[in-house]
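Asker: Model the structure of this input:
(one chain, ligands or ions: 1)
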Amino acid sequence: MAGRLGSIEAVIRPARDDDADAVSAVIQKALRETNARDYAPEIIDRIALSFAPAAVSQLVAKRTVFVATLEGRIVGTASLDGSVVRTVFVEPGVQGRGIGRRLMAEVERTARERNVAVLAVPSSVTAETFYARLGFRSVRDSFHGDERTIIMERTLAPPSTACDAPCVPGPERLA
Ligand SMILES: CC(C)(COP(=O)(O)OP(=O)(O)OC[C@H]1O[C@@H](n2cnc3c(N)ncnc32)[C@H](O)[C@@H]1OP(=O)(O)O)[C@@H](O)C(=O)NCCC(=O)NCCS
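Answerer: This next block holds a predicted model:
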């Protein structure tokens with residue numbers, strides 16, 4: 001579904017190890033321009049450090065990480081860590097154009113394939129409305145020091161009962 005500015009057709013693909021620098025750059029930019037509205041500078045600095053290129057490289061090795069590209073350039077990322085959604089970031093210049101939604105559709109598709117029953121996400125304060133639009137509900141707050149996140153969950157139907165045959169996926173099932 002189109003965002004306020006009209007959606008852009010990003011290509012979603014699994015991340016490779018040599019994407020780490022570009023993924024880190026997107027995260028750093030989103031943290032400093034978007035999350036900085038909701039979190040204190042020292043919190044942003046701490047999170048930014050944890051997503052330096054070497055750290056992102058390790059995450060690509062141990063999680064299922066996706067990237068969104070526009071004309072080959074990485075502009076977004078999202079990952080699945082067991083049943084938990086992590087590290088969802090879209091470059092500020094192309095936010096609001098449906099890229100986050102498409103990344104989450106891929107994460108959700110992967111989770112369903114792995115028979116994840118309940119998908120969870122520790123949401124930033126910044127992204128709570130985004131996840132709510134995708135059907136997640138807020139469960140509780142979580143604090144790492146003074147960094148507040150909101151634990152949100154979405155129940156996934158198992159793949160076998162996701163629809164009656166013949167199965168024609170409706171738009172709501174792509175979210
Ligand atoms: C959260 C984020 C990933 C969303 O990506 P995006 O590409 O801008 O999102 P989309 O354009 O796909 O938006 C999907 C829906 O969520 C809504 N939405 C997205 N961000 C929103 C916001 N901050 N406030 C309200 N609604 C928002 C959109 O309006 C859209 O709704 P619709 O399709 O029903 O019209 C992006 O804003 C971001 O990188 N934020 C900073 C990083 C962050 O906090 N990430 C989450 C870490 S847990």
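Asker: Secondary structure class of the closest residue to the ligand within the chain, three-state.
Answerer: Nearest residue of the chain to the ligand, counting by C-beta to the nearest ligand atom: residue 100, 2.4 Å away. For every residue, glycine as well, the C-beta is placed using N, CA and C. Put simply, residue 100 is helix when judged by DSSP: H, G, I helix; E, B strand; the rest coil.
Asker: Now for it, how many residues are close by?
Answerer: 24 (other C-beta atoms under 10 Å).
Asker: Over to residue 55?
Answerer: 14.
Asker: repeat for the one 5 residues further on
Answerer: The tally of other residues near residue 60 (other C-beta under 10 Å) stands at 21.
Asker: And it, which helix or strand is it part of?
Answerer: Here residue 60, judged by DSSP states H and E, is contained in helix 53-62.
Asker: what sits up against the following helix or strand past that helix?
Answerer: Counting by DSSP H and E, the next helix or strand C-terminal to helix 53-62 is strand 64-70. Defining contact as C-beta atoms under 8 Å, 6 or more residues apart in numbering, one finds that strand 64-70 is touched by 8, 10-15, 19, 22-23, 59, 74-81, 87, 90, 94, 99, 102-103, 106-107, 110.
Asker: Of these, grab the buried ones for ChimeraX.
Answerer: Here is the ChimeraX command that picks out the buried ones among those, judged by 16 or more other C-beta atoms under 10 Å:
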select :10,12,15,19,22,23,59,74,75,76,77,78,79,80,87,90,94,99,102,103,106,107,110
